[in-house]
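Colleague: Below are the sequence and a predicted model for it; my questions follow.
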Amino acid sequence: MDFGKVPDNELDHIDFTLPPDPETNRNILKKGKGNTKFYIGCPKWGIKEWVGKLYPKGTKEKDFLAQYATQFNSIEFNGFYYNVHSREQVEKWVRTVPENFLFCPKFTQSITHFRRLKDARHEVDAFLNVVEAFGRHLGPVFLMPHPQMGLSHRDAIEDFIADLPQDIDVFLELRHEDWYDHDGGYDKELYSFMVKQKKGLIITDASGRRDCVHMHLSTPECFIRFVGNGLHPTDYTRIDAWVQRIKQWMDQGLETCYFFMHQHEELHSPELIRYFIQELNKHAGTKIPLPRIYDEGAATLF
């Protein structure tokens, strides 16, 4: 993932402080039932470099998902962005994972980038027909409009979301800078719309785009995309800050936390997820199983 990438020599000069919570969060979280559920994972399972680290030595590519699902309980499924897979393929994946595993597929680029959310009824129907096959394993669907879609595209974004089936859990990520200000702000009109629609907002923590760390919750759930930098020391201090913020949200009623780990190169995502879970268990009283790192020599902290 190249979004928000900066040269390593700039990382020590970035202010990674998380913005304060907006006042609206407390009211949103009051609606939650607490007893937070966690869904933690990566954006893909097909990383060959994880054989011998996250997957046992000798694991074949056809068995990667089965092994991944023994370590994590969810995946931010970016593969759907490039291709709408068949229902048969989805049903095969579903048979591979345990009962509590969730797939969080991303809307395909034909809808978000080629059509830019307009005149896409055929593509949307085809997409929803396939993701329906995930059944109880379907988590939130991840909507990222084209990065060029700014404030002038508000109507297209709102119309698209309003037209979706109400029972589809949708989280929105916006890349255009116009939606944010530099103090952790989020466009008020779109925020109000998302609250009314009961749809979620994605918070993306990337080094070079601190405006996307907006901290606004529109439902009593959070969906965090964390982009690390190859186990740079700042990766760990940033995770420490997220653990404390999530703990605060848990105390206020957070129902669900989706946390997906990205790296510009995915090799070291397992170590950083392990650190995140370890610190969450220590500071927030959770009891989330730690992923096993088979090659201890490759995991710098463990």
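Modeller: Thanks, I have it.
Colleague: element containing residue 280, please.
Modeller: Per DSSP states H and E, residue 280 falls inside helix 269-284.
Colleague: Other residues contacting that helix?
Modeller: Helix 269-284 is contacted from outside by 38, 40-42, 50, 53-54, 71-72, 226, 228, 231, 235-236, 239-240, 242-244, 246-247, 250, 259, 261-263, 286-291, 293, 299-302, using CB atoms under 8 Å, 6 or more residues apart in numbering. All C-beta spots, glycine's among them, are computed from the backbone N, C-alpha and C.
Colleague: Likewise for stretch 101-116?
Modeller: Outside stretch 101-116, the residues that touch it by CB under 8 Å, 6+ apart are 39, 69, 73-84, 93, 117, 120, 123-124, 127, 131, 134, 137-146, 149, 153, 156, 258, 260.
Colleague: tell me the contacts of the residue nearest to residue 202 when sequence neighbours are not counted?
Modeller: Excluding its sequence neighbours, the residue lying closest to residue 202 (CB to CB, 6 or more residues apart in numbering) is residue 173, at 3.8 Å. Applying CB under 8 Å, 6+ apart to residue 173 gives the contacts 142-144, 202, 204, 212, 225.
Colleague: Tell me which of these fall in strands.
Modeller: Using DSSP state E, the subset of these located in strands is 142-143, 202, 204, 225.
Colleague: Dump those residues to a markdown table, plus neighbour count, pLDDT and distance to residue 14.
Modeller: As requested, the ones in strands among the contacts of residue 173 are exported to a markdown table (neighbours: other CB atoms under 10 Å; pLDDT from 0 to 100; distance: CB to CB, whole Å):
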| residue | neighbour count | pLDDT | distance to residue 14 |
| --- | --- | --- | --- |
| 142 | 26 | 95 | 26 |
| 143 | 23 | 98 | 28 |
| 202 | 21 | 98 | 21 |
| 204 | 23 | 97 | 15 |
| 225 | 24 | 97 | 17 |
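Colleague: Pick the one among the residues you listed closest to residue 17.
Modeller: Proximity to residue 17 was ranked across those by CB to CB; first place goes to residue 204, at 16.1 Å.
Colleague: Please tell me I have it right and that closest one contacts residue 227.
Modeller: Yes. At 7.1 Å, residue 204 and residue 227 qualify as touching, with contact defined as CB atoms under 8 Å.
Colleague: who touches both of those two?
Modeller: When contacts are counted by CB under 8 Å, 6+ apart, residue 204 and residue 227 have 3-4 as shared neighbours.
Colleague: what are the ranges of the helices in this structure?
Modeller: Listed in chain order, the helices of the chain (DSSP state H) span 23-30, 64-71, 79-82, 87-96, 109, 121-131, 154-162, 188-197, 233-252, 269-284.
Colleague: JSON lines please, covering the ones you listed and showing mean pLDDT and distance to residue 177.
Modeller: Converted to JSON lines, these look like this (pLDDT from 0 to 100; distance: least, CB to CB, whole Å):
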{"stretch": "helix 23-30", "mean pLDDT": "96", "distance to residue 177": "21"}
{"stretch": "helix 64-71", "mean pLDDT": "98", "distance to residue 177": "34"}
{"stretch": "helix 79-82", "mean pLDDT": "89", "distance to residue 177": "22"}
{"stretch": "helix 87-96", "mean pLDDT": "97", "distance to residue 177": "35"}
{"stretch": "helix 109", "mean pLDDT": "96", "distance to residue 177": "21"}
{"stretch": "helix 121-131", "mean pLDDT": "96", "distance to residue 177": "27"}
{"stretch": "helix 154-162", "mean pLDDT": "98", "distance to residue 177": "15"}
{"stretch": "helix 188-197", "mean pLDDT": "97", "distance to residue 177": "14"}
{"stretch": "helix 233-252", "mean pLDDT": "98", "distance to residue 177": "21"}
{"stretch": "helix 269-284", "mean pLDDT": "96", "distance to residue 177": "27"}
